[in-house]
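Asks: one predicted model, sequence on top.
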Amino acid sequence: MSSHFQGKSFLKEIDFTKIELETLIDLAAHFKYLKQQHIPHQYLQGKNIALLFEKTSTRTRSSFTVAANDLGAHAEFLGQHDIQLGKKESLVDTAKVFGRMYDGIEYRGFSQKTVEELATYSGVPVWNGLTDAWHPTQMLADFLTIKEKLGSLDGVTLAYMGDGRNNVAHSLLVTGAILGVNIHIVAPKSLQPNRDVQDIAQQKAAESGATLMITDDITAGVAGADVLYTDVWASMGEESTFAERIKCLLPYQINQALVSATGNPNVIVLHDLPAFHDLNTTVAQQIYEKYGLTEMEITDEIFNAPFAYQFDQAENRLHTIKAVMAATLGHMFLPIGY
């Protein structure tokens, strides 16, 4: 019997091979079926999970909580005001304490170093819910959604529009390269992926056969794309940069003209949410009052189009997170990697 992932942490995409990521995606599809058919799958019965959140969250917190419940585990939420994490108690000491109390730990926060050290010193599986560097659980949901809607990942070209140096763009570039998916990062020169991330992605693409493009040429970047993907124009803690971001990113907005520019009548649109596509939020109202914009990275027309699958994508956060938790903590028979 082999439990390939048992005891491993899920910290960043480059820690895993193509077959390992594909296995987690397929396992997530299986869990989605079980959930839809109301078939119990409590692989983590009796386990205790710590959910550490330094950043606020809607989808990540909900996904980890529901996934733990569905798997039979108890999840304990600990926000930034509930724990010390280097303030009155060192991160190393905190990790050692948590490792003696919890069977697994999720972390969503700023520093990749923090989540890596939690894994090193806790001695239990640690799952990265998001850091400023990487967003690995989002990637599993994204590529599961693409596989569901297009039938396969083979030969797929994804064009990411907007801020190309944030965690989502970095993760898409590297994960796509690992999986053999062609990735185009279409962004202003000042907002293109970090060079070290590009180098990692090129190494992975050489192994998988993926084609990568980093460009500020919108026409070339979206031509023939199967998937258009965008994200908010200012990440958490960067809202003060809205003015300069708007100026350089407005041409990269996903709108009907951009969709048409792909030349692909079957193109689909993804967004990891939240999205500024209307005025129905306080932040959107503030942006409108300051800059006169009613829509930002995606228009309301495209957001609500039948080929936009951001809510399937959001739901798939649950199923893919469940796959990671069960695979690394549930002693599942997953004999891969040999």
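Replies: Alright, I've got the coordinates. Because the structure is a prediction, the values reported are computed rather than measured.
Asks: C-alpha from now on. contacts and neighbour counts both.
Replies: Fine.
Asks: so what's Glu54 up against?
Replies: Neighbouring residues of Glu54 by Cα atoms under 8 Å, 6 or more residues apart in numbering: 79-80, 107-110.
Asks: same list (those residues) but as JSON lines, adding secondary structure, pLDDT and neighbour count.
Replies: Shown next, in JSON lines, are the contacts of Glu54 (DSSP: H, G, I helix; E, B strand; the rest coil; pLDDT from 0 to 100; neighbours: other Cα atoms under 10 Å):
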{"residue": "Gly79", "secondary structure": "strand", "pLDDT": "92", "neighbour count": "15"}
{"residue": "Gln80", "secondary structure": "coil", "pLDDT": "86", "neighbour count": "13"}
{"residue": "Tyr107", "secondary structure": "strand", "pLDDT": "98", "neighbour count": "25"}
{"residue": "Arg108", "secondary structure": "strand", "pLDDT": "97", "neighbour count": "25"}
{"residue": "Gly109", "secondary structure": "coil", "pLDDT": "95", "neighbour count": "18"}
{"residue": "Phe110", "secondary structure": "coil", "pLDDT": "94", "neighbour count": "18"}
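Asks: and those residues, which two are furthest apart?
Replies: Using Cα to Cα, the pair of the contacts of Glu54 lying farthest apart is Gly79 and Phe110, separated by 13.3 Å.
Asks: in the chain, where is pLDDT below threshold?
Replies: Residues of the chain meeting the criterion pLDDT under 70: 1-2, 235-239, 337-338.
Asks: what are the ranges of the helices in it?
Replies: Assigned by DSSP state H, the helices in the chain fall at 18-36, 59-70, 91-101, 112-122, 136-150, 167-179, 195-208, 218-222, 242-249, 256-261, 282-291, 300-303, 310-329.
Asks: residues in contact with the first one: which ones?
Replies: Helix 18-36 is touched from outside by 40-41, 140-141, 143-144, 178-179, 319-324, 327, 336-337, with contacts defined as Cα under 8 Å, 6+ apart.
Asks: please pick the buried ones from these.
Replies: Among the contacts of helix 18-36, those classed as buried by 16 or more other Cα atoms under 10 Å are 140-141, 143-144, 178-179, 319-324, 327.
Asks: ok, the residues you listed vs Ala201, which is closest?
Replies: For those, the closest approach to Ala201 (Cα to Cα) belongs to Ile178, at 7.7 Å.
Asks: doesn't Lys204 make contact with that closest one?
Replies: Yes: contact criterion Cα atoms under 8 Å: Ile178 and Lys204 qualify, at 5.3 Å.
Asks: can you count the residues close to the closest residue to Leu144 other than its chain neighbours?
Replies: Nearest residue to Leu144, sequence neighbours excluded (Cα to Cα, 6 or more residues apart in numbering): Ile25, at 5.7 Å. Using other Cα atoms under 10 Å, Ile25 is surrounded by 26 other residues.
Asks: state the distance from Ile25 to Asp142.
Replies: Ile25 sits 10 Å away from Asp142, going by Cα to Cα, to the nearest Å.
Asks: please name the spatially closest residue to Leu249 (chain neighbours excluded).
Replies: Gly162 (6.0 Å).
Asks: what sits against the one you found?
Replies: By Cα under 8 Å, 6+ apart, the residues touching Gly162 are 186-188, 191, 230-231, 233, 249, 252-253, 297.
Asks: switch the cut-off to 7 Å
Replies: With contacts defined as Cα atoms under 7 Å, 6 or more residues apart in numbering, the neighbours of Gly162 are 186-187, 230, 233, 249, 252.
Asks: again, but for His4
Replies: Contacts of His4 (Cα under 7 Å, 6+ apart): 334-336.
Asks: domain parsing for this protein?
Replies: Domains of the chain are assigned by automatic domain parsing as 13-134+316-329, 157-225+227-263+268-306.
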